[in-house]
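Student: For reference, the sequence and a predicted model appear below.
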Amino acid sequence: MSAYLDTRVSLYASRLWPDAALDALIGVSDDEVADALNRGGLPQLAAGYAPKSGRQQDARSLEQRLIAQVLDETRVMIRPLTGPARGFLTFWTARFEISNVKTLLRSKMTGERPAAALARLTPMGTFGRLDNQDLAHAEDVGELLRRLEAGPYAGIVRHARRAFEQSHDPFTLDAALDRGYYEGLTLHAQPLENTVGTPFRSLMANLIDRINLVWLLRYRFNYKLPPAQVYYLLVGSRYSLSGRTLQELAALDSLDAVLAALPAPLQARLSGVTDIPGVFARMEHAAAEQALRVLRSSVPDIARAFAYLMLRERDLRAIRAVLRGRHLGLAEADIRMVLQREPVM
């Protein structure tokens, strides 16, 4: 166990935003926003916030600043780590590079100039593993996928390329990349689940079960995909929603039927939910409660670090929603409704 990491996580935990602070951010004046962000340990966002100015950061700049915050904190936390723990937290950041991959792929589909696509990518700093210049100058989507398949994310890209070759559907390509990433994450998590045990496994279980259930509901009932395709796009799971259970759920024909067929603990957790956003919000809330319990306990440092990162990103998503709502001039009540964030004790 690393005393450095435990101490660092405890210091970072003091930066988590209480719900009262988030609510206050909705109502402060424009001149006070930067101070509120600084007090919340978000100097990068504070420095980029220019109220009452045509230079106010757009959504893309805001997103990049939020990601930079996550990468900076993760870089500090992995310093003492080696082996599976370091590999896991490093791979946790790869979600952002996979998002860059999606941007490059869409640029090829639309014929966008390489320079314009490169300007929209999120800087990955020391976590970057791809040669974006080389990828941006690939001749077409097929060539870009072949170059990616020869790189560090070959396992993620291989299945996505096959899915795209069969359908030529950009949505299927994006969904297959997401599935490939999270299956890679579960592989990186396996050694830690075996050594750290329940505290770490509980965090992964809440994450993957939520992803699979929300994706299943969206793909099946929003996008009207057939059961076999829905199941193919879900993450292979060893948690509460096993592969067999997901296959059975994907064959059902309504949201109510899916919720009624869930394992008893999930049924109880989702009691009274009537729509897909409600499913996501309720499951995210339960995951946040579990992460906070892990963070406040004396479990191994890697479990506390992962719990902190999950809670930090939950905060950052909420802050992003508040700042975007303010930028759009939404009423305070409308911003609070968009958040759908229940207090975490």
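Tutor: Cool, the structure landed.

Student: now what about whichever helix or strand residue 212 is part of, what contacts it?
Tutor: Element membership for residue 212 (DSSP states H and E) is helix 198-217. Residues outside helix 198-217 that contact it (C-beta atoms under 8 Å, 6 or more residues apart in numbering): 175, 182, 185-186, 189, 192-193, 230, 233-235, 237, 239-241, 246, 249-250, 255, 258, 262, 266, 276, 279-280, 283-284, 286-287, 290-291, 294, 297, 299-300, 302-303, 306-307, 310. (Each C-beta comes from the backbone N, C-alpha and C, glycine too.)

Student: among the helices and strands of this protein, which has the poorest mean pLDDT?
Tutor: helix 43-48 (a mean of 79; mean pLDDT, DSSP states H and E).

Student: I'd like to know which elements that helix is packed against.
Tutor: helix 30-39, helix 59-77 (3 or more C-beta pairs under 8 Å, 6 or more residues apart in numbering; DSSP states H and E).

Student: Just give me how far the helix holding residue 212 sits from the chain centre.
Tutor: 12 Å (C-alpha atoms, centre = their mean, to the nearest Å).

Student: Stretch 34-46 too?
Tutor: The chain centre lies 22 Å from the centre of stretch 34-46; the measure is C-alpha atoms, centre = their mean.

Student: contact partners of it?
Tutor: By C-beta under 8 Å, 6+ apart, stretch 34-46 touches 12, 14-15, 17, 21, 24-25, 28, 33, 47, 49, 51, 62, 65-66, 68-69, 72, 319, 323.

Student: buried subset of the residues you listed?
Tutor: 12, 15, 17, 25, 33, 49, 62, 65-66, 68-69, 319, 323 (16 or more other C-beta atoms under 10 Å).

Student: what's the closest non-adjacent residue to the residue positioned nearest the centre of the chain?
Tutor: Nearest to the mean C-alpha position of the chain, by C-alpha atoms, centre = their mean, lies residue 95 at 7.1 Å. Excluding the flanking residues, the one nearest residue 95 by C-beta to C-beta, 6 or more residues apart in numbering is residue 181, at 6.1 Å.

Student: How about residue 118?
Tutor: Closest to residue 118 by C-beta to C-beta, 6+ apart is residue 136, at 5.2 Å.

Student: residues contacting the one you found?
Tutor: 104, 107, 114, 115, 117, 118.

Student: ok, so of these, who is nearest residue 166?
Tutor: residue 104 (20.9 Å; C-beta to C-beta).

Student: Now the closest one: phi and psi?
Tutor: Main-chain torsions, residue 104, degrees, to the nearest 10: phi -60, psi -40.

Student: Once you drop chain neighbours, what's closest to it?
Tutor: residue 135 (5.4 Å).

Student: Please verify my assumption that that neighbour contacts residue 103.
Tutor: No. In this structure residue 135 lies outside contact range of residue 103 using C-beta atoms under 8 Å: 10.2 Å.

Student: So for those two, which residue has more residues nearby?
Tutor: Taking neighbours as other C-beta atoms under 10 Å, residue 135 and residue 103 compare with residue 135 leading, 24 against 17.

Student: After the strand or helix carrying that one, which helix or strand is next?
Tutor: In this assignment (DSSP H and E), residue 135 forms part of helix 132-136. The C-terminal neighbour of helix 132-136 among helices and strands, as given by DSSP H and E, is helix 141-149.

Student: and the following helix or strand past that following helix, which residues are buried?
Tutor: The helix or strand immediately downstream of helix 141-149 is helix 154-167, counting by DSSP H and E. Using 16+ other C-beta under 10 Å as the test for burial, helix 154-167 gives 156, 157, 160, 161, 163, 164.

Student: For the first one, which non-adjacent residue is closest in space?
Tutor: Just to be clear, that refers to residue 156. residue 180 (3.4 Å).
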